[in-house]
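Asks: pasting the structure only:
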């Protein structure tokens, strides 16, 4: 865990709030701190961070030398930088790779093992009629055929994928003859992908050639990354590694291969193939009892229930593999070296990315000690704008990982802010935008703050105000427990069932992709309706629900109490979850299914069981339309036992428990100052902790106060 420099108590709270410890302030990311060319400037750069009020730094060995962590002098400079920072009470995180995305290890992870590069499943497709000879041999991008078959095509031009005519693959060659009639032929193979080539950037050189992604479904590959990227640093620092580095920061690893941003901000998932690892088919067979090879067409095409279920099984399998061989593997190494695993993944904002890039993002990301995110938004008003963050709202960038942290039983969630999207306003007034963005990202659950663009702000007094504001908020909220008592179930299974890879003939996948997009747009609508209704929520995964203890009318999920649970858009929902939700509802908890009851489970047996439970579900649970969420909000406030009424336009409210007290984080998302009123039949007074200036004010209820534009307050109730 991140070490506290001072234990917080009721006795020292007000003193520490005025002057928060460094660990709660902003950490500028300083990639060039330890460059050999600037060795004489290390102390100067650190002093500039100290003078600005920063709480720590994120740094790494030089990126200007091909030897990277293999050169002793580079490691000595990193040690010097980290030691000087620690000696001056700056906390230090270590960035884990040469540039990004993580996993490349400056080429050394795949230099001697090219098979450790990212691999995906794709296919060759041919169509015809009548008996035809087909011959295929491996091309340069083909790392081995997996399966090949003919499929009969009916008079409506629809292939029958349920009855393949498998053909032999001999020595990576296919020589076969088609059946008579109309047919479709598919030959599936392993394709190696190169990120730099796909992104059309200048290809980064390494000892093995051009830069590529690591295969995070291959344990040997991940072990090689650890061996070549992390072990040299740990060996150099010895027992002092964990003393110097509070956490190891990983940056944008994915399973997908190509980086796929054409241009940045637009991702064309029609070009993404299906991730492949060496244990995929074996583990799939063990989990689901059938051979994935025979069902490979369904990863890419068709809208039948059978196709959707194969995709559901496949993405659950690869996320299980990635969790085990990647995130838990790296976290175990960090634990052994007395530090913590953190950082962020790519495009955390939407469910579509969660499937295409990870299988199940929340599952894979949960292996980290401190889940995190990247917020690319540079305009505080855009943060809450619908579909401004990769076709959904930026709020989810923080909401998903903060929910994962809370499921793990703590409230430490990292953010790297990288303000590159919507930069017009930040170029005019960076202080205003950073303060506004800080207000909002903390509302979504961020409690540790790493920053690119730190030096956009030139005035040290503004830097200090930003750091103090951040530190005051995070000192309270990082050490608090979310007490919103409302859960939203993570509808990943339905998203998995809809996600298709390459949209090649004969059936474009675009309709399914649009349907998957619609789910995250509905999630966005629901979240905004809840926020407007003065409710906050945590996103609860299947594992969180199943591991939670039912205690009367509440679920106890780690440290979170959940009295009401919204279950949205679940065409597919595991039977075990359905049974747990029903048990919770019968015990007095509130369960609301959005847009209908669950229809399907993980297999046909579960479908039948879910159908048999339909009557009990209707008797014990609510079913609401998505558009009825605003009217449901008033009932939800009673469900979660809300005893403070908060009113105000553009005012969002989140409840926490801190040092045995109830505390609210109240924010104004508008640019103008807004009035907020507080009423309660239960509480008599509020104590307003103002993070802008550190002041604390006692006010009797009812009360009306003004909140500055894009700012927040902490409200303690008594």
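Replies: Thanks, I have it. This structure is a prediction, so every number in the text was calculated from the model and none was measured.
Asks: can I see the domain layout of the protein?
Replies: The chain resolves into domains spanning 119-192, 486-639, 645-717 when parsed by automatic domain parsing.
Asks: okay, the ones you listed, which one's buried deepest?
Replies: domain 486-639 (a mean of 19; mean count of other CB atoms under 10 Å). All C-beta atoms are positioned from the backbone trio N, CA, C, and that covers glycine.
Asks: Endpoint to endpoint, it covers what distance?
Replies: Using CA to CA, to the nearest Å, the end-to-end distance of domain 486-639 comes out at 9 Å.
Asks: Name the nearest residue to residue 355, sequence neighbours excluded.
Replies: The shortest distance from residue 355 to any residue that is not its chain neighbour, by CB to CB, 6 or more residues apart in numbering, is 4.1 Å, and that residue is residue 499.
Asks: Which among the domains of the chain is found nearest to residue 334?
Replies: Smallest distance to residue 334 across the domains of the chain (CB to CB): 20.8 Å, for domain 486-639.
Asks: and the closest one, average pLDDT?
Replies: What domain 486-639 shows for mean pLDDT is 91.
Asks: what about that domain, distance to the chain center?
Replies: If you compare the mean C-alpha spot of domain 486-639 with that of the full chain, they lie 19 Å apart, counting by CA atoms, centre = their mean, to the nearest Å.
Asks: Export the domains of the chain to CSV and append columns for distance to residue 29.
Replies: Compiled in CSV, these are given as follows (distance: least, CB to CB, whole Å):
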stretch, distance to residue 29
domain 119-192, 31
domain 486-639, 27
domain 645-717, 23
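Asks: Residue 495 is in contact with residue 351, isn't it?
Replies: Yes. Under the criterion of CB atoms under 8 Å, residue 495 is in contact with residue 351, at a separation of 4.2 Å.
Asks: Which neighbours do those two have in common?
Replies: Taking CB atoms under 8 Å, 6 or more residues apart in numbering as the contact rule, the neighbours common to residue 495 and residue 351 are 516, 519-520.
Asks: Next up, the contacts around residue 407.
Replies: Residues in contact with residue 407 (CB under 8 Å, 6+ apart) are 366, 538, 540-541, 543-544, 557-558, 560.
Asks: Now with 6 Å, please.
Replies: Residues near residue 407 by CB atoms under 6 Å, 6 or more residues apart in numbering: 544, 558.
Asks: In three-state terms, how would it be classified?
Replies: helix (DSSP: H, G, I helix; E, B strand; the rest coil).
Asks: Likewise for the one 4 residues further on?
Replies: Reducing the assignment at residue 411 to three states with three-state DSSP gives coil.
Asks: Point out where the chain drops to low pLDDT.
Replies: For the chain, the stretches with pLDDT under 70 are 1, 193-211, 257-273, 501-514.
Asks: And the residue nearest to residue 424 when sequence neighbours are not counted, how far from residue 292?
Replies: By the measure of CB to CB, 6+ apart, the closest residue to residue 424 outside its immediate chain neighbours is residue 379, 7.2 Å from it. Taking CB to CB, to the nearest Å as the measure, residue 379 and residue 292 are separated by 44 Å.
Asks: likewise residue 389?
Replies: With the distance defined as CB to CB, residue 389 ends up 34 Å from residue 292.
Asks: Check residue 547 too.
Replies: Relative to residue 292, and taking CB to CB, residue 547 is found at 28 Å.
Asks: just checking, next helix/strand downstream of the longest helix anywhere in the chain?
Replies: What stands out as the longest helix in the chain, according to DSSP state H, is helix 510-532. Moving toward the C-terminus from helix 510-532, the first helix or strand encountered (DSSP states H and E) is strand 538-540.
Asks: Show me what that next one packs onto, helices and strands only.
Replies: In terms of contact count using 3 or more CB pairs under 6 Å, 6 or more residues apart in numbering; DSSP states H and E, strand 538-540 is assigned the packing partners helix 395-408, strand 486-489.
Asks: out of those, nearest to residue 646?
Replies: With CB to CB as the measure, strand 486-489 is the member of those nearest residue 646 (14.9 Å).
Asks: what's next to the closest one, contact-wise?
Replies: Contact with strand 486-489 is made by 535, 537-540, 562, 564-567, 640, as judged by CB under 6 Å, 6+ apart.
Asks: which of the residues you listed lies closest to residue 346?
Replies: Using CB to CB, residue 539 is the member of the contacts of strand 486-489 that lies nearest residue 346, at 18.7 Å.
Asks: Tell me what the closest one is bridged to.
Replies: Beta bridges link residue 539 to residue 488, judged by DSSP bridges.
Asks: show me the contacts for it.
Replies: 403, 488, 490.
Asks: how long is stretch 385-401 from one end to the other?
Replies: The first and final residues of stretch 385-401 sit 20 Å from each other (CA to CA).
Asks: Would you mark the buried spots in that stretch?
Replies: Buried positions in stretch 385-401, judged by neighbour count with 16 or more other CB atoms under 10 Å: 388-401.
Asks: Can you lay out these as JSON lines showing distance to residue 108?
Replies: Compiled in JSON lines, the buried residues of stretch 385-401 are given as follows (distance: CB to CB, whole Å):
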{"residue": "388", "distance to residue 108": "39"}
{"residue": "389", "distance to residue 108": "34"}
{"residue": "390", "distance to residue 108": "32"}
{"residue": "391", "distance to residue 108": "36"}
{"residue": "392", "distance to residue 108": "37"}
{"residue": "393", "distance to residue 108": "39"}
{"residue": "394", "distance to residue 108": "35"}
{"residue": "395", "distance to residue 108": "38"}
{"residue": "396", "distance to residue 108": "35"}
{"residue": "397", "distance to residue 108": "31"}
{"residue": "398", "distance to residue 108": "34"}
{"residue": "399", "distance to residue 108": "36"}
{"residue": "400", "distance to residue 108": "32"}
{"residue": "401", "distance to residue 108": "29"}
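Asks: Out of those residues, which comes closest to residue 471?
Replies: Nearest to residue 471 among those is residue 398, at 18.0 Å by CB to CB.
Asks: Next up, the contacts around the nearest residue to the closest one once chain neighbours are set aside.
Replies: Nearest in space to residue 398, with sequence neighbours left out and distances taken as CB to CB, 6+ apart, is residue 444 at 3.0 Å. With contacts taken as CB under 6 Å, 6+ apart, residue 444 has the following neighbours: 395, 398-399.
Asks: now with 7 Å?
Replies: Contact partners of residue 444, counting by CB atoms under 7 Å, 6 or more residues apart in numbering, are 395, 398-399, 402.
Asks: got a list of what the most centrally placed residue in the chain touches?
Replies: Among the residues of the chain, the smallest C-alpha distance to the mean C-alpha position (CA atoms, centre = their mean) belongs to residue 348, namely 3.9 Å. Neighbouring residues of residue 348 by CB under 7 Å, 6+ apart: 361, 373, 397, 400-401.
Asks: cutoff 10 Å now
Replies: For residue 348, the set of contacting residues under the criterion of CB atoms under 10 Å, 6 or more residues apart in numbering consists of 252, 354, 357-358, 361-362, 365, 371-375, 389-390, 394, 396-401.
Asks: Residue 480 too?
Replies: Residue 480 is in contact with 411, 447, 559, 654-659, 661-663, 665, 714, counting by CB under 10 Å, 6+ apart.
Asks: ok, now residue 131?
Replies: Counting by CB under 10 Å, 6+ apart, residue 131 touches 177-181, 183.
Asks: Which of those residues sits closest to residue 151?
Replies: Distance from residue 151 was checked for each of the contacts of residue 131 by CB to CB. The minimum falls on residue 183, at 6.6 Å.
Asks: does the closest one really touch residue 130, like I thought?
Replies: Yes. In terms of CB atoms under 10 Å, residue 183 counts as a neighbour of residue 130; the distance is 8.7 Å.
Asks: can you count the residues close to residue 19?
Replies: Residue 19 sits with 11 neighbouring residues when counted by other CB atoms under 10 Å.
Asks: Test my guess that residue 610 contacts residue 593.
Replies: No. In this structure residue 610 lies outside contact range of residue 593 using CB under 10 Å: 11.9 Å.
Asks: shared neighbours of the two, anything?
Replies: Overlap between the contact sets of residue 610 and residue 593, as judged by CB under 10 Å, 6+ apart, is given by 573, 617.
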